[in-house]
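Engineer: need a structure here:
(one chain, ligands or ions: 1)
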Amino acid sequence: MPDIELLERQLTARVHASAQPSEVLRAPEIRQLYAQIRTLDASQRAEFGARVNALKLSIEQAIAARQAELDYVELPPIDVTAPMDVNAALPALLPAEQGSQHPLTREIARISEIFGRMGFVTEQSREIDDQYHMFESLNFPKGHPARDDYDTFMTVETDREQEPLIAPAHTSTMQNRTLVKYRDQLERGEAIAAIVPDRVFRNEDLDARHEHTFYQVEGIYVARGVHAGMLVATLKKFLEEYYGRQLEVRVNPFYFPFTEPSFEFALSCPFCEHGCNVCSQSKWIELLGCGMIHPNVLRAADIDPEVYTGFAFGCGIDRLVMMKYGIEDVRHFESAKLDFLRQF
Ligand SMILES: [Zn+2]
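Structural biologist: Residues are numbered from 1 along each chain as shown. Below you'll find the model as predicted:
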């Protein structure tokens with residue numbers, strides 16, 4: 001009788017040393033054991049057969065363990081604190097639906113592009129500012145009653161004059177900075193021409209036409225001999241480009257502390273000939289405020305109002321876009337509703 005225990009140890013050793021361990025099951029020693037079963041007496045056959053089967057089972061288990069060992073690939077360790085290797089290939093990103101620009105972002109780019117073709121540079125505003133830029137530099141001295149028309153949010157922190165910082169209620173806060181930044185151009189005989197399309201804030205009760213956060217485009221143009229006719233022509237040209245059709249415009253006297261004279265600017269309704277819901281059947285839309293820059297505003301930027309004049313305007317971007325696309329509720333813009341955003 002063969003020594004099955006010795007054979008088991010030998011075969012197991014062979015499995016552990018093999019790169020293809022399942023081959024060991026085909027070893028001639030095992031085949032011989034099975035052949036031997038048939039030659040035995042019936043009295044011995046059952047017990048011997050059981051031992052051979054146990055041997056085979058033991059070898060199969062050793063093979064499975066050895067195969068698992070061979071399948072295990074050791075990966076180099078990752079140092080998660082190491083600085084990123086800029087030469088390494090980028091990891092594949094998780095699959096995600098491709099996003100799109102917010103309609104206001106896209107329209108602001110369009111507005112900048114139209115004014116850019118007219119020679120205006122685009123400047124950014126800021127979301128926290130001081131009261132000097134919100135009021136004093138724009139000819140609203142302390143205690144001026146018109147300050148009350150610009151009810152916005154304030155911080156607990158204060159500026160150098162111990163006044164609370166504010167969330168700008170209009171992009172006119174950038175007039176003084178823009179005039180100072182570009183005033184050297186005037187001496188070289190070039191105009192200052194800039195727009196500031198950015199976010200502004202008001203302490204409003206929300207409804208379909210009022211948001212606490214919205215967008216405004218400020219425009220300023222300063223040079224020698226600038227007059228109100230140039231203001232009207234510039235705005236008319238812009239609006240005709242934006243709405244893609246010829247428009248009539250109308251200016252009515254108005255009041256702002258930072259322009260003199262000041263106007264309210266209306267355009268013929270781009271959507272109808274005889275009255276519609278957008279223009280409340282009037283065929284005219286009061287769109288924006290504008291005027292000739294007040295001499296005090298130029299003086300605050302060290303520009304001589306005896307030599308240079310300029311115009312300024314401020315227009316709500318949300319309103320422009322709502323009219324363009326027939327959007328009925330300003331609150332859609334900040335709602336993050338995909339049903340709304342996917343229409344653009
Ligand atoms: Zn209309």
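
Engineer: tell me the secondary structure of Phe214, please.
Structural biologist: Following DSSP: H, G, I helix; E, B strand; the rest coil, we place Phe214 in the strand state.

Engineer: hey, what's it bridged with?
Structural biologist: Beta bridges link Phe214 to Val200, judged by DSSP bridges.

Engineer: and for the one 4 residues further on?
Structural biologist: In this structure, Glu218 bridges to Val196, Gly314 when assessed by DSSP bridges.

Engineer: how close does it sit to Phe120?
Structural biologist: 11 Å (CB to CB, to the nearest Å). Placement of C-beta: from N, CA and C, glycine included.

Engineer: quick one: the strands in the stretch 151-300 of the chain?
Structural biologist: Remark: strands assigned in the stretch 151-300 of the chain by DSSP state E, counting those that start in this stretch are 154-158, 164-166, 192-201, 213-223, 249-256, 259-268, 284-293.

Engineer: which elements pack onto the second one?
Structural biologist: The one in question is strand 164-166. Using 3 or more CB pairs under 8 Å, 6 or more residues apart in numbering; DSSP states H and E as the contact test, the elements touching strand 164-166 are helix 131-134, strand 154-158.

Engineer: what helices or strands is the longest one leaning on?
Structural biologist: Spelled out, that is strand 154-158. strand 164-166.

Engineer: can I assume Val330 is in contact with His212?
Structural biologist: No: between Val330 and His212 there is no contact under CB atoms under 8 Å: 10.5 Å.

Engineer: give me the more crowded residue out of those two.
Structural biologist: Neighbour totals were compared for Val330 and His212, and Val330 leads with 20 against 15 (other CB atoms under 10 Å).

Engineer: where does the chain dip in pLDDT?
Structural biologist: For the chain, the stretches flagged by pLDDT under 70 are 1, 85-86, 91, 93-98.

Engineer: quick one: buried residues of the longest helix along it?
Structural biologist: In the chain, assigned by DSSP state H, the helix with the most residues is helix 42-71. Buried residues in helix 42-71, defined by neighbour count with 16 or more other CB atoms under 10 Å: Phe48, Gly49, Arg51, Val52, Leu55, Lys56, Ile59, Ala62, Ile63, Arg66.

Engineer: same deal with stretch 145-163?
Structural biologist: For stretch 145-163, burial by neighbour count (16+ other CB under 10 Å) applies to Arg147, Tyr150, Thr152, Phe153.

Engineer: tell me how far the ends of that stretch are from each other?
Structural biologist: 17 Å (CA to CA, to the nearest Å).

Engineer: contacts for that stretch, please.
Structural biologist: Stretch 145-163 has contacts (CB atoms under 8 Å, 6 or more residues apart in numbering) with 128, 130-132, 134-135, 140, 164-170, 201-203, 212, 255-257.
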